[in-house]
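my questions concern the predicted model and sequence given below.
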Amino acid sequence: MFRNMYDTDVTVWSPEGRLLQVEYAMESVKQGSACIALRSDTHSVIGALKRSVSELSSHQQKILEIDDHLGIGIAGLTADARTLAKWMRNECLNHKYVYGTAMPTGRLATDLADRHQRTTQTYVRRPYGVGLLLASFDKNGPHVYQTCPSGNVHECYATAIGARSQSGRTYLEKHHETFPTCARDELIMHALRALVGCISGDGELTSENGSIGVVGKDEKFTLIEGAELQPYLDRLELEGGNNGGDAEDEDEVEAEEKEDDAMET
Amino acid sequence: MFRNMYDTDVTVWSPEGRLLQVEYAMESVKQGSACIALRSDTHSVIGALKRSVSELSSHQQKILEIDDHLGIGIAGLTADARTLAKWMRNECLNHKYVYGTAMPTGRLATDLADRHQRTTQTYVRRPYGVGLLLASFDKNGPHVYQTCPSGNVHECYATAIGARSQSGRTYLEKHHETFPTCARDELIMHALRALVGCISGDGELTSENGSIGVVGKDEKFTLIEGAELQPYLDRLELEGGNNGGDAEDEDEVEAEEKEDDAMET
Amino acid sequence: MFRNMYDTDVTVWSPEGRLLQVEYAMESVKQGSACIALRSDTHSVIGALKRSVSELSSHQQKILEIDDHLGIGIAGLTADARTLAKWMRNECLNHKYVYGTAMPTGRLATDLADRHQRTTQTYVRRPYGVGLLLASFDKNGPHVYQTCPSGNVHECYATAIGARSQSGRTYLEKHHETFPTCARDELIMHALRALVGCISGDGELTSENGSIGVVGKDEKFTLIEGAELQPYLDRLELEGGNNGGDAEDEDEVEAEEKEDDAMET
Amino acid sequence: MFRNMYDTDVTVWSPEGRLLQVEYAMESVKQGSACIALRSDTHSVIGALKRSVSELSSHQQKILEIDDHLGIGIAGLTADARTLAKWMRNECLNHKYVYGTAMPTGRLATDLADRHQRTTQTYVRRPYGVGLLLASFDKNGPHVYQTCPSGNVHECYATAIGARSQSGRTYLEKHHETFPTCARDELIMHALRALVGCISGDGELTSENGSIGVVGKDEKFTLIEGAELQPYLDRLELEGGNNGGDAEDEDEVEAEEKEDDAMET
Amino acid sequence: MFRNMYDTDVTVWSPEGRLLQVEYAMESVKQGSACIALRSDTHSVIGALKRSVSELSSHQQKILEIDDHLGIGIAGLTADARTLAKWMRNECLNHKYVYGTAMPTGRLATDLADRHQRTTQTYVRRPYGVGLLLASFDKNGPHVYQTCPSGNVHECYATAIGARSQSGRTYLEKHHETFPTCARDELIMHALRALVGCISGDGELTSENGSIGVVGKDEKFTLIEGAELQPYLDRLELEGGNNGGDAEDEDEVEAEEKEDDAMET
Amino acid sequence: MFRNMYDTDVTVWSPEGRLLQVEYAMESVKQGSACIALRSDTHSVIGALKRSVSELSSHQQKILEIDDHLGIGIAGLTADARTLAKWMRNECLNHKYVYGTAMPTGRLATDLADRHQRTTQTYVRRPYGVGLLLASFDKNGPHVYQTCPSGNVHECYATAIGARSQSGRTYLEKHHETFPTCARDELIMHALRALVGCISGDGELTSENGSIGVVGKDEKFTLIEGAELQPYLDRLELEGGNNGGDAEDEDEVEAEEKEDDAMET
Amino acid sequence: MFRNMYDTDVTVWSPEGRLLQVEYAMESVKQGSACIALRSDTHSVIGALKRSVSELSSHQQKILEIDDHLGIGIAGLTADARTLAKWMRNECLNHKYVYGTAMPTGRLATDLADRHQRTTQTYVRRPYGVGLLLASFDKNGPHVYQTCPSGNVHECYATAIGARSQSGRTYLEKHHETFPTCARDELIMHALRALVGCISGDGELTSENGSIGVVGKDEKFTLIEGAELQPYLDRLELEGGNNGGDAEDEDEVEAEEKEDDAMET
């Protein structure tokens, strides 16, 4: 009850030096379905779980192409993500028009984070309720960036956001040392294995709820979904690896998530 | 009482990462009379229930023509819908004027959803209290889109919104696999059968409260109401199918509606 | 007490998906004195009860001429109505100046309703506290439209708004099938008979509190008041029909009024 | 206590469909000292009671000249009235400059009322706390108009506003049938007799607290105060009529005042 | 407790039709040290009590020259008064530049009051917390005006504002009939005698706390303070009149002050 | 508890006619370390206590040069003071550029006070939390001015602000009659002696916490700190005068401080 | 509970003359990981602790290059710091473009502090939640500045901010007298030793969580991290100095921190 006095306006500090509205917005990211990203020395890959939707509807897009060399994965409010994607596409087009080259990923990631930050310092707009993973291959090679509603941005080797994403992150941490030399398809398999961990206990990764985006040295950003995804899932099945994250990791999850939200450094 | 501290302003996040004002606006869609849409490979059809109105008044329009190739069905605040329809007609005219071709449905649907999204991020306007179904036939064939106050948009094979719409959706889910190859009139019959499920127990679908919009390969968007609707109703009567949704589905409805509101993916 | 948390701002949704401030504004229409409108195939007629005012003052205008072919009847805040009437006159003049023809009634009614709608979506202005009936004869023949503070607009054969208007509406519903073929004076008699029902028990329709506006094929919009109204009242007296609405209808009134306020369709 | 939730902002409707802030502003008119106006076929006359002020100060002006053909009487906040008078003088000057003729009274009265109305629909300004009586003689003959904070405006044969004004209005109602044919001085005597009724029990109308403004066919707007007023008061004394309103009317006052505030018609 | 709901915003009316914030601002005038003004047929004089200040500081100015022909005395917030004085000096300079003559006092007083009024009708500024007395000699002879935070303005023969000013006003009322024919120095003596009444019981009027401003037919506005004031004080001493106001008047004061605040007429 | 209803907004008057937010801002001046200023006929001197700061940091500036002929001493929020100093330097530069002469001190002091006043009448900015002492030597000789958050400004012979400043003021009052004829160094000694009184009981004036600014007939504004200050401190030591203010004065302090805050005159 | 009435708006003073929102923002600086800065006569050095981050992510930047001659260390909200760094880079570029020389550090530090100050005086933006240390070598030699959310700025010989920074400050205070003559590498060793004190009990300074920035007479601003940092850490290990701050200092910390927050001087 006490803390509520400081949590209805994004421009109000709590006595402990926190911006509670920003923290609440970060909650909506945790409720989105999981999204993971990783990279080798030649490719960047995004993997995402699509919420089970009605049979009547086309599947909700979780991975969006921004430019030939860059795609994003999202967790949180879809409508907010779409708005940001639109803006990012424009930025990339403008850059290409003005400089004749592809937008450097780092610059786009920082501009995007500044866009987030501005909503945390003014009362006229709420913070965006969405976290984004950027995967790209530009002249400096492959990149993976992660942004969050607070305006923070990190470059990563691999990362995961959204519901139950800690299990995926645990998988990535265990294996990330092998990533740099992975071939394209092997990297995709790692992405799928990490995704499997983010599915709730009795669920399964299928060609309907799974989604992969890949970009690399000689490959424009490509979505792999449905039938195209099936061969990879078959391989996963052979490994015996397609079942939800086991409960043992849960405690670890709780513990690590705290640190994960930190807006300060 | 606790949650009320975060639900009077659209720019305020609740501690659980929700935008309650947007959720409340979505309630007004659920209170509008039902509206359904579906498509075959050649046609898109909208069906809607008109609220029983005074004998003195012309019937309230539930299905509106936007352009030759596109119409909308609405559930929620009529005045909001009219304002949005006006804007959509303008967009279509501008596109025709600038590019000489019909506005692509997907682009109009996304622009419309962005218009919804903007009202969820600023305190100067409330979210629109209306859900829309777009049915069209453009150069890419027939399309059905659904938007809602949160700014979400889905392309669908078939869908239903408004009061008791879950019964209609259940019908559509059961039969949607046969839709692609349906002829125009058969598709209209499916729409009517789905609508019948959305009528409260002792009501009946008549030429007065029913309304159909159809658009297709060789047919501009056309409204079928009153006398023109009667032949279809007669056929429905012959089938013995014109009575309200049965109560058995109700539980299922409750269960599925939750997931339906999700703003996150 | 609970609902009051959502009813002091027009841009705030209640948890049930309602805009309470708009509903409150609609209350002020119900407190205005009654106003009715109806049409035949050749004429449109408005009838209104003027509040009994001081002998010292000229009578309050309830029916206003907007253009040669169009007049309005009002129920609710007079000052709001005057402001809207001024705007409508301007619209008609502009249309005549630009296109050389009379403003189509449907277009004016929609623009007016949009003007209402805008006040329901912004916090800088309150909703207008007035309902309007438009009666006109334009190139498409006679029209009757009704608008309300929510921004809804209906075309009607006949309608009634304001205090005790349900009794008038009941009369109109009983006889509306005969209206299309009515001659001008017969239509005026119907208007007066409907008005009588809206007078409280012991009141009477007189040349002072009654007011009629008529427009038709060969007749510009004309006000019939005072001495000019007396012949019609004499005829009404002969019929024995000039006494207040009977109490039997009251229950019916309550029941039907609920549905009447609906902003959704 | 309940109603207070809706009465601190002019843009908020109460659940009963009332604008309480506007009603409160009308209270300040009732607390101003009385002001009456009436007209014959040739003249318009304003009469006002000046609050007893310090001997040291010049008398507070209650009747203000706006133009040669038009004056106003005020009840309520003096500072608000002065601001409005300044605006009205400007309007008259502009009209004369542009059209070469005197401002028509009806037009000025409506513009003034619209100015009032605007303050009732926006949160940036409070409603004006003053009621005005306009008395004029223009090309259409003599006119008396009354405006109030709600934005309502009436043309009257005679009227009275301010503290205890109901007694004055009762006098005017009793005699108004004789007004049209009154000569100038007889009309002034009627004004004074009506004013006497507005004085509290033991007060008296004197050349210090009384004030008359007159305008007519061959007479520009003229103030009659002090020594010039004395002859009329002497004549009143001879009639034996200069004593405060009698208590009998009080009940009647209460009853009629309700209806007097109505903002709706 | 009840009234507090309406007294924190200048744009909110109380249910009794009062603007409480304006009344509170008027309180700050009553807490300023007293200031009096009076005029004969040839001169205007302002007298003021300076708050006893530190020996280290120059005396606080209570009487300010605005132009050659006009000075002001103040009671209330010094900083507000200085701001207004600056504006008035500018107005006088502009008038002189444009018309080549001195600013008429009445016009300046009205413009000043309008400036006050505007702060009472908008929420962006608070009402000024200062009352002003204007003393001048222009082409129409000597003038004394009084303004207050509500935007009211009075022309006076003599007046007093500030703490314990009622005693001074009582003196002025007793003797004001002799003022018109007073010579300059006699008028100054009257001012000093009135000021003596405004000093609290055991205080005394000295050349340090007293201040006189005078302007007349052949005299530009002149401040008389310190040594120049002593001869007048000596004369006052001889009369035996230099001691604080006697307690007998206190009740009278209370009674009369009520009426003094009235914003309405 | 009662008064708190009026103390969170600078544009709200309390029922007693006070602006509590302005009074709270003045509290922050009282919490700054002491600052004193005085002048002879030829020089102006500012003395200030620097808060004991970390050994690692350069000393906090308490006395700032504005122009060759003018410096300021500050008590209160440093950041606010720096902002104001920046503005004052600009004003002095502009004046020199436009008129070719040094900015007159009185004019700068008034402009500065107006800048303070503006923040007390609008809700968009808070009052500045700083008091300033201006010491200068311009063409009219030496000047000392004092401003405070309320927008008041005084010219002084000598003055003191900040924590425990009353002791310093008492010293200045005792000796101010000898100041006019003091030589430069003697004036500095007076400043130091006054400062000693403002140090809390067991503290001592040192070359580290003391600071002197001096400007005079033939001397541009000069800061005397550290080693340059030592000779004066040595002389003070010889007098035996360098110990904190004695407790006897405390009561006197309380009593006099009340009067000191007065915003009204 | 009492104080909370004044702590939700940056433009509201508490009765004690404090700006609580600014103080809360300063709390967020204390929660950032520690950052220290110091300088010799030839070099300036920044040292910072990087929060332990996921193995998957590149390390969070705590030290940022602004220009060839200037870098910053940060403690608090990363996103706010990035925004400010972007602005500082722009300022340096503009200065170079306009004047052809490097931006003087003092000027940049003051402009930055003014940028902080502005957010403390307006309600449209919240105070920045970050403290910055500037280390540079410009034409005046090496500089170290510290800014904080209140808008205060200090030039320092050495300083430390962030969590547990008091231990680091204690080390710096003990040894700062030897800093001026230190060689580059010796200065870096001092920075590391001070950092060690800021690590919580059982932590250790490693090439992963440590970060050094150095700039000097003949050296552009350089980051020393990872492998390049290892040699210095090895040397530290040899000294036996790489273990967390000992608990003895904690009390001292508490005591000194109070004074550290002071916004007044």
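Okay, I see it.

any idea whether residue A:51 is helix, strand or coil?
Assigned with DSSP: H, G, I helix; E, B strand; the rest coil, residue A:51 falls in the coil class.

got it, and residue A:194?
helix.

correct me, but it touches residue A:174?
No: applying Cβ atoms under 8 Å as the test, residue A:194 and residue A:174 come out as separate, 9.7 Å apart. For glycine as for every other residue, the C-beta is placed from the backbone atoms N, C-alpha and C.

neighbour-wise, which of the two wins?
Under the criterion of other Cβ atoms under 10 Å in any protein chain shown, the comparison of residue A:194 against residue A:174 puts residue A:194 first, with 29 against 11.

what residues does the stretch 1-150 of chain A have near chain G?
By the rule Cβ under 8 Å from any Cβ of the partner chain, the part of the stretch 1-150 of chain A lying against chain G is A:5-6, A:9-19, A:110, A:113-114, A:116-117, A:120-123, A:146, A:150.

now the helix ranked longest in chain A: buried residues?
Looking across chain A with DSSP state H, the single longest helix is helix A:78-99. By neighbour count on 16 or more other Cβ atoms under 10 Å in any protein chain shown, the buried set for helix A:78-99 is A:78-85, A:88, A:91-92, A:95.

also stretch A:181-198?
A:182, A:184, A:187-198.

could you do stretch A:214-232 as well?
Buried residues in stretch A:214-232 (16+ other Cβ under 10 Å): A:214-216, A:221, A:223-225, A:229, A:232.

got the CA coordinates for it in CSV?
Extracted in CSV, the C-alpha atoms of stretch A:214-232 (Å, rounded to 0.1, in the frame of the first residue of the first chain):
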residue,chain,number,x,y,z
VAL,A,214,18.0,-16.5,-39.7
VAL,A,215,20.4,-14.0,-41.3
GLY,A,216,24.0,-14.6,-42.3
LYS,A,217,27.0,-13.9,-44.4
ASP,A,218,25.4,-15.0,-47.7
GLU,A,219,21.8,-15.1,-46.6
LYS,A,220,19.2,-12.3,-46.3
PHE,A,221,16.9,-12.4,-43.3
THR,A,222,14.7,-15.4,-43.8
LEU,A,223,11.7,-16.7,-41.8
ILE,A,224,11.5,-20.5,-41.3
GLU,A,225,8.0,-21.5,-40.3
GLY,A,226,5.5,-24.3,-40.8
ALA,A,227,6.6,-26.9,-43.4
GLU,A,228,10.0,-25.4,-43.7
LEU,A,229,10.5,-25.8,-40.0
GLN,A,230,9.4,-29.5,-39.9
PRO,A,231,12.8,-31.0,-40.9
TYR,A,232,14.5,-29.3,-37.9
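
ok now that stretch, how far from the chain's centre?
Relative to its parent chain, stretch A:214-232 has a centroid offset of 17 Å by Cα atoms, centre = their mean, to the nearest Å.

the stretch 101-250 of chain A: helices as residue ranges?
Using DSSP state H, counting those that start in this stretch, the helices found in the stretch 101-250 of chain A span residues A:105-119, A:165-175, A:184-197, A:230-239, A:249-260.

adding mean pLDDT, write these out as JSON lines.
Shown next, in JSON lines, are these (pLDDT from 0 to 100):
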{"stretch": "helix A:105-119", "mean pLDDT": "96"}
{"stretch": "helix A:165-175", "mean pLDDT": "94"}
{"stretch": "helix A:184-197", "mean pLDDT": "96"}
{"stretch": "helix A:230-239", "mean pLDDT": "93"}
{"stretch": "helix A:249-260", "mean pLDDT": "46"}
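
of these, which is nearest chain E?
With Cβ to the nearest Cβ, the closest approach to chain E among those belongs to helix A:105-119: 25.9 Å.

relative to helix G:78-99, how tilted is that closest one?
If you take axes from the mean of the first three to the mean of the last three Cα atoms, to 10 degrees, helix A:105-119 sits at 110 degrees to helix G:78-99.

return the distance of stretch A:11-27 from the chain's centre.
22 Å.

briefly note if it comes near chain F.
No: for a cut-off given as Cβ under 8 Å from any Cβ, stretch A:11-27 has no contacts with chain F; the smallest distance is 13.8 Å.
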